[in-house]
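In: task: produce atomic coordinates for the following.
(one chain, ligands or ions: 2)
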Amino acid sequence: MLTRIDHIGIACHDLEKTVDFYTSTYGFEVFHTEVNEEQGVREAMLKINETSDGGASYLQLLEPIREDSTVAKWLAKNGEGVHHIAFGTADVDADAAAIKDKGVRVLYDEPRIGSMGSRITFLHPKDCHGVLTELVTSAAEPSADH
Ligand code: CMX
Ligand code: CO
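Out: Numbers count the residues shown, from 1 in each chain. Ligands and ions are numbered 1, 2, ... in the order given. The predicted model follows:
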């Protein structure tokens, strides 16, 4: 069951400048940063609020680290902006399988590793009314790295 908005993924050209905008304009704080080589991004997670399912909602700011990454390709075509939304679930495997049964393309056969050790998969935007949609199961207890 999908129980929260886990994050909104925002693609940017310059992670430091974009983090600076979100921290200085809104007062949000960087909760975590990491490089995800497989996804071809470096990212900052800004925690917005905790959620009733025991998780939290974040902004995920994404800068590509390779020209051939999906985010670099998207930025070249669209410029900066909202790249995807992510719903949180306690069981990404079960939810992905159930959604696949409804005829939506699930991009990975098995969930991969996302932010803070989470397990993630994606639904094809063309099957989701134009929205690239991620499903996330958090690692047991994500903790701030500062
Ligand atoms: N949102 C909405 N539509 C999108 C999209 C997005 N983020 N990315 C691509 N599309 C659309 C394109 O506009 C295009 O539509 P048209 O044919 O009408 O022009 C179509 O989908 C195909 O796009 P493409 O540019 O040819 O891109 P690809 O098919 O090569 O890749 C996708 C699209 C979704 C398969 C790829 O982006 C993907 O695998 N995404 C999942 C992984 C990912 O995004 N990782 C980065 C984030 C990591 C994280 O969140 O942790
Ligand atoms: Co994401």
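In: other residues contacting the longest helix along the chain?
Out: Longest helix in the chain by number of residues (criterion: DSSP state H): helix 15-26. Defining contact as CB atoms under 8 Å, 6 or more residues apart in numbering, one finds that helix 15-26 is touched by 10, 12, 28-30, 42-44, 46, 59, 61-63, 80. The C-beta positions use only the backbone N, C-alpha and C, and glycine is treated the same way.
In: can I get whatever helix or strand Leu135 lives in in CSV, CA atoms only?
Out: In the assignment (DSSP states H and E), Leu135 maps to strand 133-137. Only the C-alpha atoms of strand 133-137 are listed here, as CSV (Å, rounded to 0.1, in the frame of the first residue of the first chain):
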residue,chain,number,x,y,z
THR,A,133,6.6,7.6,-10.8
GLU,A,134,9.0,6.0,-8.3
LEU,A,135,8.0,3.5,-5.5
VAL,A,136,10.2,3.5,-2.4
THR,A,137,10.7,1.3,0.6
